[in-house]
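Visitor: 3D, please:
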Amino acid sequence: MNTKVDDCPRDIDANPYHPWPARITSIMDLTDKEKLFELRIIDEDVREAFKFDSGQFVELSIFGVGEAPISISSAPSKQGFIELCVRDSGDVTGALHAKQCGDVVGLRGPYGRGFPFEEMKGHDILLVAGGLGIAPLKSLINHIHDERHEFGKVTILYGSRNPSEVLFRHQFEMWKHRDDFDLILTVDQPDETWDGETGLVTKLFDGLDVDPDNTYGAICGPPVMYKYVIDEMRKKSMDVDRIYVSFERRMKCGIGKCGHCGVGHQYTCVDGPVFNYWEAMNLQGAI
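Guide: Residues are numbered from 1 along each chain as shown. The predicted structure is shown next:
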């Protein structure tokens, strides 16, 4: 008897190399290169047991093509599905972009260490993203949104190359109209439709009011931006152990076996991808 892949239930603690079948339930075009996929694990027991932290990732499988690590974009407080923001940049991501609602893909995870959500409670939050780096921070922002009373001032700085590459415009509109979120967007290359800030995201620190004794920072974006954003946070006297960075690079297997994402003596996929700056300073070549 032939058994379809989506008929095979599996315990969440079973073979870590075996993906769970998940159905695509929604696809949203964000830009001409990025799409937002909503996925629902088919097996009910596995779906209910699937818990994650903002900043963690999954291994997404396209059967017959391969797999790739993708950060989770949805908030942990939203159960029953996950969202993945995916750029069409390779064989796996290109194959995913060709999928339609109802198609089945594979998921492994969640993997890695996320942002210290519980530790951040009771403090001001400063979030800085560049480009696709807003994807994992979107998970954290929406989690904070769902427990807004637990946090102080929330500031979001987001930089994009140009207006057409700004991600999650629908979310930004919602955040922008809240009186308890401070959101500032900037682009490097404005067009005639852009009425926001221009220049690098570090420019947004000018005049920014930060309470260094009561603020946690989180950064995600192109590796080149980390040093400069951290320098700006340090100029605001923020503590090195309260600045968190997400290193989403060179990950492959997701479980620390292939050695592909080794940074110094640690593996990004297991010991990260989220590190505080104190840890990152001691990882050779990390920043």
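
Visitor: residue contacts, Leu283?
Guide: 263-266, 275 (CB atoms under 8 Å, 6 or more residues apart in numbering). For the C-beta atoms, the positions are set from N, CA and C on the backbone; glycine is no exception.

Visitor: Please flag which of those residues sit within strands.
Guide: 263, 266, 275 (DSSP state E).

Visitor: Turn those into CSV, including pLDDT, neighbour count and distance to Ile24.
Guide: Shown next, in CSV, are the ones in strands among the contacts of Leu283 (pLDDT from 0 to 100; neighbours: other CB atoms under 10 Å; distance: CB to CB, whole Å):
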residue, pLDDT, neighbour count, distance to Ile24
Val263, 74, 19, 33
Gln266, 80, 18, 34
Phe275, 91, 23, 32
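
Visitor: ok, of these, which one's closest to Ile82?
Guide: Phe275 (22.9 Å; CB to CB).

Visitor: hey, what's Arg87 bridged with?
Guide: Glu34 (DSSP bridges).

Visitor: tell me the contacts of it?
Guide: 33-34, 93, 132.

Visitor: And for Leu200?
Guide: Counted by CB under 8 Å, 6+ apart, Leu200 has contacts 159, 186, 188, 225, 228.

Visitor: how does it look with 10 Å?
Guide: Going by CB atoms under 10 Å, 6 or more residues apart in numbering, Leu200 touches 130, 159, 186-188, 225, 228-229.

Visitor: right, and Met174 touches His145 too?
Guide: Yes. Here Met174 reaches His145: they are 8.6 Å apart, a contact under CB atoms under 10 Å.

Visitor: Who has more neighbours out of those two?
Guide: Neighbour count, other CB atoms under 10 Å: between Met174 and His145, His145 has more, with 18 against 14.

Visitor: Buried residues, the helix or strand hosting the more buried one. List them.
Guide: For His145, the element it lies in under DSSP states H and E is helix 134-146. Within helix 134-146, the residues that qualify as buried are 134-145, counting by 16 or more other CB atoms under 10 Å.

Visitor: between those, which is closest to Phe151?
Guide: Checking the buried residues of helix 134-146 against Phe151 by CB to CB gives Ile144 as the nearest, at 5.6 Å.

Visitor: Can you give me the distance of that closest one to Leu96?
Guide: Shown here: Ile144 relative to Leu96, a distance of 28 Å by CB to CB, to the nearest Å.

Visitor: what do you get for Ile42?
Guide: Taking CB to CB, one finds Ile42 at 17 Å from Leu96.
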